[in-house]
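J.: structure of the sequence below:
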Amino acid sequence: MLRWMKKSNTNDADAYSSTIDGMKKVYKKYVRPLEEMYRYQEFYSPLLTDSDFDAPPTVMLLGQYSTGKTTFIKYLLETNYPGLRIGPEPTTDKFVAIMHGDQDQIIPGNALVVDHNHSYKVLSRFGNNFLQRFEGAVINNPVLQGLTLLDTPGVLSGEKQRISRGYDFTGVVQWFAERVDMIILLFDAHKLDISDEFQRVIQACKGNDTKIRIVLNKADGITNQQLMRVYGALMWSLGKVLNTPEVARVYCGSFWDQPYQNDDNRKLFEAEEEDLFKDIQDIPRGAIVRKLNDLIKRSRLAKTHAYIIAHLKNEMPAVFGKETKQKQLIQQLPAIFEQIQRATGLPAGDFPNIAEFSETLKNCDFNSFKKLNLPMIEAVEKMLATELPRLMSQVPQDQEVAHEDFMKNVRKRDGGALYDDDVTPFGMGTTLDLLNSPVPVKLYQHEFESLGPGEDGKVTGTQAKKPMQDSKLPNTTLKRIWNLGDIDKDGKLDVREFAIVKHLMKIKLEGHELPVTVPKVWLEGLDIEDSETRR
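T.: Below you'll find the model as predicted:
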């Protein structure tokens, strides 16, 4: 468990070992009793548990089918996750929560929603049809120690989207959108049309605009001129759907580990990729603030809800005409909200949606409601005024710890999409035959010598840059290859290390996965400590 999520070891009820620990305590002490008394969970969302606070931040990927959502996840993780399928047809037909665990496994949706270690209990309300299309993919991957990724079904077109799924797809997306930390909308540069169904999905994310990142994927398959036109068309289409005064930021690139089809925009793609991955690296840091902000919003709504329920209770007759009066109160709800707002000074933004609130009230017995408990209201107000500011003062320190822990886990694997070490040549599962065969050093010796090695018999990153970039492999893949090939970690390559780098590039270009470590057979005769003798 990350340090910023650890439970308190102190016996002092008023001491908080971390922001997360403090949020758990103030919620249980002040907010939850108020929610239980006025049946908050029947109108909005279930009561919170420790797993809701401890849950790692989540990134959700949305897009029409074959836009590269699953491939994007594979690129981040540098490996397949259990149950992964990739193809030009709609292959992902489930919501898949990709989580960290010691042993690779698939957890069915029905089991996932009853597991108290996860925060998916509420999803059971979407029915068995949805739960059969929901699962958890557990994989031992360092990136997932501080992050959960959510793969989603490709958005379909026509009536299939609305009818064939058998569950409220848009409703599920909306539920996740309110709870995740980042929403990545992927578009294919070759098919920019936004169907009516995809438009509804995007609109379901409304109110979470700050979480949205838009990615124009597969942009290496078009020319410079086409990219300019495609970008303009995408911005025009998004302007009609997002309906916000701000201009949406679009990240252009090709988010997978294969060579670029068109290398002309390489620097642009690398810069865009770096910006997007920096945003992802910062998610654990921002997750603390988001959870604290959600707790504040929930506390304010719980207080407003208590005033509404107590007012309805007071308006009910003692004996006769209860059913009629209840119907009248539901019809007069807009006026009642205004009356409570004037009497209490509560902001209009703290009141619930009238239509949704009215629907829930139709199934309630107003006589079972509780009267206003002012001491509990005052306790929540005191908590908002004193306890939460105390927690806010701890946020900066915990943010740095969260970011540090996440990047420490990411760095367990040299190179890769989220790796932030600039020790690269740019200054900023393979087959058994390949793994078990020595590296053909002589095959690459002439090319090495043509680069003009220095007196120490080595070439620098600047000298190796061109032959490596000529492969058109993405910069993140080349970073990892460099880190694997630079055996003695001196930032240079001798002929043997250069041969290993070229061999790794060849392996990748032939469609194989890179090994996690350099095979021992490749290192035979390579004396790391005595590199000076190999000039």
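
J.: alpha carbons only for contacts and neighbour counts from here, please
T.: Fine.

J.: in space, what's closest to Asn436 - neighbours in sequence excluded?
T.: Nearest residue to Asn436, sequence neighbours excluded (CA to CA, 6 or more residues apart in numbering): Val521, at 6.3 Å.

J.: just to check, the one you found is in contact with Pro438?
T.: Yes: contact status for Val521 versus Pro438: in contact at 5.7 Å, counting by CA atoms under 8 Å.

J.: more neighbours, those two?
T.: Neighbour totals were compared for Val521 and Pro438, and Pro438 leads with 15 against 12 (other CA atoms under 10 Å).

J.: quick one: contacts for that one?
T.: 521-522, 524 (CA atoms under 8 Å, 6 or more residues apart in numbering).

J.: give me that answer again for 7 Å
T.: Contacts for Pro438 (CA atoms under 7 Å, 6 or more residues apart in numbering) come out as 521-522.

J.: helix, strand, or coil at it?
T.: Using DSSP: H, G, I helix; E, B strand; the rest coil, the structure places Pro438 in coil.

J.: gap between it and Leu112?
T.: According to CA to CA, to the nearest Å, Pro438 stands 46 Å off from Leu112.

J.: repeat that for Lys278.
T.: To Leu112, Lys278 is 31 Å away according to CA to CA.

J.: in a strand, Leu216, correct?
T.: Yes: Leu216 sits within a strand when classified using three-state DSSP.

J.: hang on, it packs against Leu185?
T.: No: using CA atoms under 7 Å, Leu216 is not in contact with Leu185; the gap is 8.6 Å.

J.: picking that back up, and Lys278 and Leu112? Which one has more around it.
T.: Leu112 (22 against 15).

J.: let me see the contact set for the more buried one.
T.: By CA under 7 Å, 6+ apart, Leu112 lies in contact with Tyr120.

J.: now do the phi/psi pair for it.
T.: The phi/psi pair for Leu112 (degrees, to the nearest 10) reads phi -70, psi -40.

J.: quick check: which ranges of the chain have low pLDDT?
T.: 1-16, 86-92, 157-164, 245, 409-434, 525-535 (pLDDT under 70).

J.: all helices of the stretch 201-350 of the chain, in order?
T.: 224-242, 266-281, 283-315, 322-331, 333-344 (DSSP state H, counting those that start in this stretch).

J.: which of those helices has the highest mean neighbour count?
T.: Comparing the helices of the stretch 201-350 of the chain on average neighbours per residue, with mean count of other CA atoms under 10 Å, the densest one is helix 283-315 at a mean of 20.

J.: what packs against that one?
T.: helix 388-410 (3 or more CA pairs under 7 Å, 6 or more residues apart in numbering; DSSP states H and E).

J.: buried ones in the helix it packs on?
T.: Under the neighbour-count criterion of 16 or more other CA atoms under 10 Å, helix 388-410 has 388, 391, 394-395, 398-399, 401-410 buried.

J.: next, the angle from that helix to helix 266-281.
T.: 130 degrees (axes from the mean of the first three to the mean of the last three CA atoms, to 10 degrees).

J.: pull the distance from helix 388-410 to the chain's centre.
T.: Helix 388-410 has its C-alpha centroid displaced from the chain centroid by 17 Å (CA atoms, centre = their mean, to the nearest Å).

J.: helices or strands next to that helix in the packing?
T.: helix 19-26, helix 283-315.

J.: mind putting the ones you listed into JSON lines with distance to Ile354?
T.: Shown next, in JSON lines, are the helices and strands packed on helix 388-410 (distance: least, CA to CA, whole Å):
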{"stretch": "helix 19-26", "distance to Ile354": "29"}
{"stretch": "helix 283-315", "distance to Ile354": "12"}
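
J.: circling back to that earlier point, for the buried residues of helix 388-410, which one is nearest Lys297?
T.: Of all the buried residues of helix 388-410, Leu388 has the smallest distance to Lys297: 11.9 Å, by CA to CA.

J.: list the contacts for the residue nearest to Asn436?
T.: Neighbour list for Val521: 436-438 [criterion: CA under 7 Å, 6+ apart].

J.: ok, Ile98 next?
T.: Contacts of Ile98 (CA under 7 Å, 6+ apart): 136-138, 148-150.

J.: skipping its backbone neighbours, what lies nearest it in space?
T.: Nearest one to Ile98, counting by CA to CA, 6+ apart, is Ala137 at 4.7 Å.

J.: which SS class is that neighbour?
T.: Under three-state DSSP, Ala137 comes out as strand.

J.: that one pairs with what?
T.: Counting by DSSP bridges, Ala137 is bridged to Ile98, Ile106.

J.: what's the burial count for it?
T.: 21.

J.: same check, this time on Glu246
T.: 9.

J.: before we move on, back to that, between Leu216 and Leu185, who's got more neighbours?
T.: Between Leu216 and Leu185, counted using other CA under 10 Å, the more crowded position is Leu216 (23 against 20).

J.: now the more buried one: how far from Leu484?
T.: 30 Å.

J.: on that earlier part again, please look at the residue nearest to Ile98 and Gly109 and confirm they touch.
T.: No: using CA under 7 Å, Ala137 is not in contact with Gly109, being 10.4 Å away.

J.: shared neighbours of those two, anything?
T.: With CA under 7 Å, 6+ apart as the test, Ala137 and Gly109 reach no residue in common.

J.: backbone phi and psi for the residue nearest the centre of the chain, please?
T.: Centroid-nearest residue in the chain: Val59, 1.2 Å away (criterion: CA atoms, centre = their mean). Note on Val59: backbone dihedrals following degrees, to the nearest 10 are phi -110, psi 120.

J.: ok, now which ones touch it?
T.: Val59 makes contact with 148-150, 180-183 under the criterion CA under 7 Å, 6+ apart.

J.: mind running it again at 6 Å?
T.: Residues in contact with Val59, defined by CA atoms under 6 Å, 6 or more residues apart in numbering, are 149, 181-183.

J.: Val516: how many residues sit nearby?
T.: Val516 has 12 neighbouring residues, counting by other CA under 10 Å.

J.: state whether it is indeed within a helix.
T.: No: membership of Val516 in a helix is not supported by three-state DSSP, which gives coil.

J.: and it, what is it in contact with?
T.: Contacts of Val516 by CA under 6 Å, 6+ apart: none found.

J.: and the gap between it and Ile98?
T.: Counting by CA to CA - Val516 and Ile98 are separated by 21 Å.

J.: picking that back up, need the contacts of Val521 in JSON lines (columns: distance to Tyr167).
T.: Output for those, formatted as JSON lines (distance: CA to CA, whole Å):
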{"residue": "Asn436", "distance to Tyr167": "50"}
{"residue": "Ser437", "distance to Tyr167": "53"}
{"residue": "Pro438", "distance to Tyr167": "55"}
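
J.: looking at those residues, which is nearest Ala302?
T.: When the contacts of Val521 are compared for distance to Ala302 (CA to CA), Asn436 comes out closest, at 63.7 Å.

J.: what about Leu150, which SS state?
T.: Relying on three-state DSSP, one would call Leu150 strand.

J.: now it: how far from Met182?
T.: Applying CA to CA, the value for Leu150 to Met182 is 10 Å.

J.: over to Gln261?
T.: From Gln261 to Met182 the distance is 29 Å (CA to CA).

J.: repeat that for Ile222.
T.: Here Ile222 is placed at a distance of 28 Å from Met182 (CA to CA).

J.: more neighbours: the two, which one.
T.: Met182 (24 against 17).
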